[in-house]
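Visitor: Just to be clear, the model below is a prediction. Sequence and coordinates:
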Protein chains: 2
Amino acid sequence: MAQVSYREKVLRFREDAIVEAVNHLLASKGYDLMTVDEVAAEAGIAKASLYKHFTSKEELAGAAMVRVLDRAMEQASKLEAESGASALDRITSMLLWTLQVQLAGEMPTLPAQNSKLVASLRANRAYMDGLFALSDKLGSWITQAQAEGQLNPELPAEMILFTLYARACDPVLGLLKASGNYADEQIIAWLVTTTLEGLGKRPAAPPAPAPRRVR
Amino acid sequence: MAQVSYREKVLRFREDAIVEAVNHLLASKGYDLMTVDEVAAEAGIAKASLYKHFTSKEELAGAAMVRVLDRAMEQASKLEAESGASALDRITSMLLWTLQVQLAGEMPTLPAQNSKLVASLRANRAYMDGLFALSDKLGSWITQAQAEGQLNPELPAEMILFTLYARACDPVLGLLKASGNYADEQIIAWLVTTTLEGLGKRPAAPPAPAPRRVR
DNA sequence: GTCTATAAGAGGATAGAC
DNA sequence: GTCTATCCTCTTATAGAC
C-alpha cells in the first residue's frame, strides 16, 4: 500500500496511456470499429505488450468505462461538497457535465447488444462497483428532487436515472454539431432544456429564480 | 410497367424475405454483429444467391432502412388523411408508432460512426429520397405545431426532428423493458411524456383536453 | 515486459458448375 | 439465379527471442 516502486509507477503510466487511447477510440469510432492494433499504435506500444496489461479487448473497454465512471463520481462528489445547491441543481450540473464530455469527444460508448461484451462487463468488479456507486448517488438526488417537487414524482426514479445515462450519449448532440449551424453552448443549453422540460411549450412561464451569485 | 411476370414476382418475394431478415437482425443485434451468413440462413437462401440480389452488406442495411422509412411514410400519410387532429396530435402519434415498432423488436438501427456505411447510405438514392420525404412531412408538422404554440418555438425545427428520430431508438425503452417491472403500455406512455414534457415537474397542471371520441 | 512474427479464425465476397 | 466450395482480408490473440 505505502511505497510504490519506480517500476510500478512506470507501469501505471503505461496503462493510463492505453486506457486514454481506448477512451478516445471508443468515443470516436465505437467498440466494433476500434481494433486492438489501433489502440496499441495510439498508446505507442506493441500489441503483444498491450496484452500483458489487459487480457482481452473486452477488458480494455471495461477499463475505459471504469475511468469515465470514476471521473463522473469525482464530479458528483465535488458538487455534493458545494453548499447551496438543490438536488435538481446537482442533477442539472451532472447532465451538463456529461454533455460537455460528449461534445469534447471523450465520452466512450459501448454497444448494448454485444452479449459477449456485456457478460465481460458484468463480471468486471471495478466496473460494477463504479456503476452502482454512481447510480446510488444520482438515485438519492433524484428521489430528493422528486420529493421537493422539482422532478416529476410520477416517474420511477429508475427511469429518470436511465434517461440521464441515455442523454449522456444522445445522438442529437452529434447531429446538431454536424449541421454546423449552432454554437456548442447553444447545443448544450437546448439539450438540457429538452431533457428537463421536453419539446412542448410550457403552459405557464416558469418563474425564473433569481440567479444566486456565488461570491 | 404494366405486366409483372411470374418470375419477377418470385424475385420480389425472395427479396422481401431477405430484407425482412435484415430488418430483424439489425433490430436484435445491430449492424456490426449481423453477419451476411445469418441473413442468408434466416432468409432460407445461400449466401452466394443473396449476393445476386444485393451487392454488399451495406446495401442490405440500406434496403432495410428504406423499408422502415416507407412504413413510417405510410403511417404519416394515414395520419394526415384523418381529420380533426392537430399537428401536435400527429407528431405524438408518430412518436407512439416508432416506440411501438421499437418495442416489437422491429426497429432497425445503424451505427452512425461507421463511415463506410454512411457513405453507402448517402449514395443510396432510395434511402435519401425516403429520408427527405419523411423529414419534409414531419418538418411541416413541427413548424405548424410551433406556430400553434404547442411545441417550443424557440427550438429549431431541425432539432425537434432530430430528437424524434433519436427517440425512435432510445435505449431507455430497452432498459425499462429489461428491468421487467413495467407493462409495455406504461413504458411507452412514460417515454412520450418525458419526450414532450421532460423530466421536470410541470409548473401548472396542463388543461386536459376533453377526449374526442371518434364514432 | 517489450518486441517481431505468426497462429487461428471469423466474415465479406466470389468462382464456377448446374 | 441457385447452389457448394473457396478465396482473401482483417482482427484477435499468442509464441518465443531478448
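Guide: Looks like it came in fine.

Visitor: which helices and strands sit right next to the lowest-mean-pLDDT helix or strand in chain A?
Guide: None of the helices or strands of chain A scores lower by mean pLDDT, DSSP states H and E than helix A:6-28, at a mean of 94. The helices and strands touching helix A:6-28, judged by 3 or more Cβ pairs under 8 Å, 6 or more residues apart in numbering or on different chains; DSSP states H and E, are helix A:36-43, helix A:47-53, helix A:57-81. C-beta here means a position set from N, CA and C on the backbone, and glycine is covered the same way.

Visitor: buried set for the second one?
Guide: This means helix A:47-53. A:50, A:53 (16 or more other Cβ atoms under 10 Å in any protein chain shown).

Visitor: same thing with stretch A:52-59?
Guide: Buried, per 16+ other Cβ under 10 Å, within stretch A:52-59: A:53-54, A:57-59.

Visitor: okay if I get the helices and strands packed on helix A:6-28 as CSV plus distance to DNA strand C and mean pLDDT?
Guide: Output for these, formatted as CSV (distance: least, Cβ to the nearest atom of the strand, whole Å; pLDDT from 0 to 100):
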stretch, distance to DNA strand C, mean pLDDT
helix A:36-43, 8, 98
helix A:47-53, 3, 98
helix A:57-81, 13, 98
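
Visitor: Please identify which pair of the buried residues of stretch A:52-59 lies farthest apart.
Guide: The distance between the two most remote of the buried residues of stretch A:52-59 (Cβ to Cβ) is 13.9 Å, for A:His53 and A:Glu58.

Visitor: Spit out the contact partners of A:Ala64.
Guide: By Cβ atoms under 8 Å, 6 or more residues apart in numbering or on different chains, the residues touching A:Ala64 are A:19, A:22-23, A:26, A:108.

Visitor: Distance of A:Ala178 relative to B:Gln113?
Guide: Counting by Cβ to Cβ, to the nearest Å, the gap from A:Ala178 to B:Gln113 is 12 Å.

Visitor: which of the two has more neighbours?
Guide: Using other Cβ atoms under 10 Å in any protein chain shown as the criterion, A:Ala178 and B:Gln113 rank with B:Gln113 on top: 19 against 11.

Visitor: okay, now the nearest residue to the more buried one once chain neighbours are set aside: neighbour count?
Guide: Ranked by Cβ to Cβ, 6 or more residues apart in numbering or on different chains and with sequence neighbours excluded, the top spatial neighbour of B:Gln113 is A:Gly30, at 4.6 Å. A:Gly30: 18 surrounding residues under other Cβ under 10 Å.

Visitor: so what's A:Gly30 scoring on pLDDT?
Guide: You'll see A:Gly30 listed with a pLDDT of 97.

Visitor: what secondary structure does it sit in?
Guide: Of the three states, A:Gly30 takes coil according to DSSP: H, G, I helix; E, B strand; the rest coil.

Visitor: In contact with it, which residues?
Guide: Contacts of A:Gly30 (Cβ under 8 Å, 6+ apart): A:109, A:111, B:111, B:113-114.

Visitor: One more: A:Gln75?
Guide: A:94, A:97.

Visitor: how does it look with 10 Å?
Guide: A:93-94, A:96-98, A:101, A:134 (Cβ atoms under 10 Å, 6 or more residues apart in numbering or on different chains).

Visitor: Going by distance to B:Glu82, which of these wins?
Guide: For the contacts of A:Gln75, the nearest to B:Glu82 is A:Thr98 (39.8 Å; Cβ to Cβ).

Visitor: Which helix or strand contains that closest one?
Guide: Assigned by DSSP states H and E, A:Thr98 belongs to helix A:87-103.

Visitor: Does the helix or strand that that helix is followed by reach DNA strand C?
Guide: Helices and strands here follow DSSP H and E; after helix A:87-103, the next one along the chain is helix A:115-122. No. If you take Cβ under 7 Å from any atom of the strand as the test, helix A:115-122 misses DNA strand C, and the best it gets is 10.4 Å.

Visitor: ok, back up a step: among the contacts of A:Ala64, which one has the most neighbours?
Guide: Counting by other Cβ under 10 Å, top hit in those: A:Val22 with 29 neighbours.

Visitor: wait, doesn't it sit right on A:Glu58?
Guide: No. Here A:Val22 lies out of contact with A:Glu58, judged by Cβ atoms under 10 Å, at a distance of 11.2 Å.

Visitor: if I look at these two, which residues touch both of them?
Guide: Common neighbours of A:Val22 and A:Glu58 (Cβ under 10 Å, 6+ apart) are A:Tyr31.

Visitor: quick one on the thing from earlier: format the contacts of A:Gln75 as JSON lines; extra columns: neighbour count.
Guide: What follows is the contacts of A:Gln75, written out as JSON lines (neighbours: other Cβ atoms under 10 Å in any protein chain shown):
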{"residue": "A:Ser93", "neighbour count": "17"}
{"residue": "A:Met94", "neighbour count": "20"}
{"residue": "A:Leu96", "neighbour count": "15"}
{"residue": "A:Trp97", "neighbour count": "17"}
{"residue": "A:Thr98", "neighbour count": "22"}
{"residue": "A:Val101", "neighbour count": "19"}
{"residue": "A:Leu134", "neighbour count": "20"}
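
Visitor: No further queries at this time; thank you.
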